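Asks: Fold the following and give me the result.
(one chain, ligands or ions: 1)
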Amino acid sequence: MNYESNKHLVRFADLEYARAAFIDARIPGSHLKENYCIVGAGVSQDSRQPVHIRETDGFHLGAAGQPPGILNSLHSHRTAEIFMVYKGTFRIYWGPEGEHEALLGPGDMITVPIHCFRGFEVVGIESGFMFVVLGGDDCGGGVIFHPTILSEGQKYGLYLKKDKTLADTVIGDPVPEASELFPPLTAEEVAEFDNYSVEEMMKYVSLKADRTPRESAFTASGTFDCYHVSGHPDHDDDFEVKSNDGVSIYSYEIPEGGYVPMHRRSENQVLVNLSGDVRLTFSDPELMPILLGPGDTYDLPKALGVELEGVRETGYVYCIVHGDDVSAPVVL
Ligand SMILES: [Fe+2]
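Replies: Below you'll find the predicted structure:
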């Protein structure tokens with residue numbers, strides 16, 4: 001098999017970030033944000049953004065890290081944006097002026113509807129880190145910032161150009177001509193974006209503590225709990241969050257000594273481990289097993305079978321699968 005298993009592994013300790021990934025990166029209160037691209041380049045506007053695995057799976061996986069009180073500014077997306085908190089407490093806010101909010105902690109998830117302004121900050125005393133899934137191989141062409149953010153960013157040397165890259169005058173890029181700049185949304189265009197009450201938005205939130213394990217032939221041949229976190233409203237798996245966003249999310253809770261049976265999926269999947277140590281053993285005996293520690297990510301191609309075994313403390317692994325119409329895993 002022409003496959004190097006280590007090239008699909010991204011260790012938490014090896015993650016590299018960009019500081020000036022977005023137009024708001026130097027606005028006081030929005031600086032100190034770390035933007036990570038783990039699988040795919042996401043919607044980073046920084047041509048110098050480090051990207052760990054370039055090839056995408058129909059979606060991108062990145063991450064955001066920031067200390068308490070630092071704001072990720074109001075913006076929108078044309079495809080899914082799913083936040084999965086790893087560490088710290090995030091205040092997610094949304095609406096045309098960011099007037100609504102909800103708090104998410106480690107293990108919690110939200111899939112934010114498209115065409116809706118959203119942002120976030122970390123609250124409490126601990127720095128926050130969350131994984132972010134963006135739908136589509138091209139993420140819908142990029143990120144849409146609230147017009148106030150574009151003009152504010154320019155005051156601190158960052159200009160968004162029509163090609164959706166940033167001119168960073170602080171590190172020597174020339175100030176773009178007015179004709180080269182990305183046109184900001186008008187007030188009328190902003191008013192057309194959707195608004196959601198807190199009650200409406202909570203339908204898109206899955207709190208870890210509220211999840212219920214599901215039984216299936218897949219779970220019966222292993223010793224783990226499987227949660228159907230987020231997926232298409234019409235899917236047989238009856239996902240807890242129903243969202244037509246092109247991505248289906250499961251989570252596996254694997255006790256020490258427990259295991260998810262050797263299986264294969266028909267779709268690409270990315271595994272993100274939130275806690276414990278989990279050993280991955282592959283269906284190809286030539287591939288060495290890999291130990292996933294907390295925060296580690298594995299990008300698994302659809303042809304390859306995998307078994308997950310809990311080897312230290314309780315493993316909690318998100319399984320992010322491409323597509324809405326996901327087939328049942330085939331136990332090998
Ligand atoms: Fe975003």
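Asks: sec struct for the residue lying closest to Val241 once chain neighbours are set aside, please.
Replies: On the basis of C-beta to C-beta, 6 or more residues apart in numbering, the spatially nearest residue to Val241 that is not a chain neighbour turns out to be Ser230, at 4.0 Å. All C-beta spots, glycine's among them, are computed from the backbone N, C-alpha and C. Here Ser230 is recorded as strand under DSSP: H, G, I helix; E, B strand; the rest coil.
Asks: Can you report how many residues neighbour Ser230?
Replies: 27 (other C-beta atoms under 10 Å).
Asks: Now do it, the pLDDT please.
Replies: Ser230 is assigned a predicted lDDT (pLDDT) of 98.
Asks: Centre of the chain to stretch 194-213, how far?
Replies: Mean-position distance between stretch 194-213 and its chain equals 16 Å (C-alpha atoms, centre = their mean, to the nearest Å).
Asks: in that stretch, what counts as buried?
Replies: Tyr196, Met201, Tyr204, Val205, Ser206, Leu207, Lys208, Arg211 (16 or more other C-beta atoms under 10 Å).
Asks: same thing with stretch 92-103?
Replies: So stretch 92-103, judged by 16+ other C-beta under 10 Å, has buried residues Ile92, Tyr93, Trp94, Gly95, Pro96, Gly98, His100, Glu101, Ala102.
Asks: which other residues reach that stretch?
Replies: Residues outside stretch 92-103 that contact it (C-beta atoms under 8 Å, 6 or more residues apart in numbering): 74, 83, 89-91, 104, 110, 112, 116-121, 123, 190-191, 193, 195-198, 201-202, 205.
Asks: Endpoint to endpoint, it covers what distance?
Replies: In stretch 92-103, first residue to last residue: 6 Å (C-alpha to C-alpha, to the nearest Å).
Asks: What average pLDDT does that stretch get?
Replies: 95.
Asks: ditto for stretch 308-315
Replies: The model assigns stretch 308-315 a mean pLDDT of 98.
Asks: quick one: contacts of it?
Replies: Stretch 308-315 has contacts (C-beta under 8 Å, 6+ apart) with 224, 252-260, 271, 273, 275-281, 291-292, 317.
Asks: Now which of those residues would you call buried?
Replies: Buried subset of the contacts of stretch 308-315 (neighbour count, 16+ other C-beta under 10 Å): 224, 252-254, 258-260, 271, 273, 275-281, 292, 317.
Asks: In strands only, show me these.
Replies: Mapping these onto strands (DSSP state E) picks out 252-254, 259-260, 271, 273, 275-281, 292, 317.
Asks: Please identify which of those residues is nearest to Ile38.
Replies: Leu271 (11.6 Å; C-beta to C-beta).
Asks: Sticking with the closest residue to the closest one other than its chain neighbours, tell me its helix or strand.
Replies: Nearest non-adjacent residue to Leu271, counting by C-beta to C-beta, 6+ apart: Tyr298, 4.5 Å away. Taking DSSP states H and E as the criterion, Tyr298 maps to strand 297-300.
Asks: which other helices and strands contact that strand?
Replies: Taking 3 or more C-beta pairs under 8 Å, 6 or more residues apart in numbering; DSSP states H and E as the contact definition, the neighbouring helices and strands of strand 297-300 are strand 9-10, strand 34-39, strand 269-282.
Asks: Same list, the ones you listed, but as TSV with mean pLDDT and distance to Ile53 please.
Replies: TSV is the format used below for those (pLDDT from 0 to 100; distance: least, C-beta to C-beta, whole Å):
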stretch	mean pLDDT	distance to Ile53
strand 9-10	96	7
strand 34-39	95	5
strand 269-282	97	9
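Asks: Please name whichever of these is nearest to Ala303.
Replies: strand 269-282 (10.6 Å).
Asks: Now do that closest one: distance to the chain's middle.
Replies: With C-alpha atoms, centre = their mean as the basis, the mean position of strand 269-282 lies at 16 Å from the chain mean.
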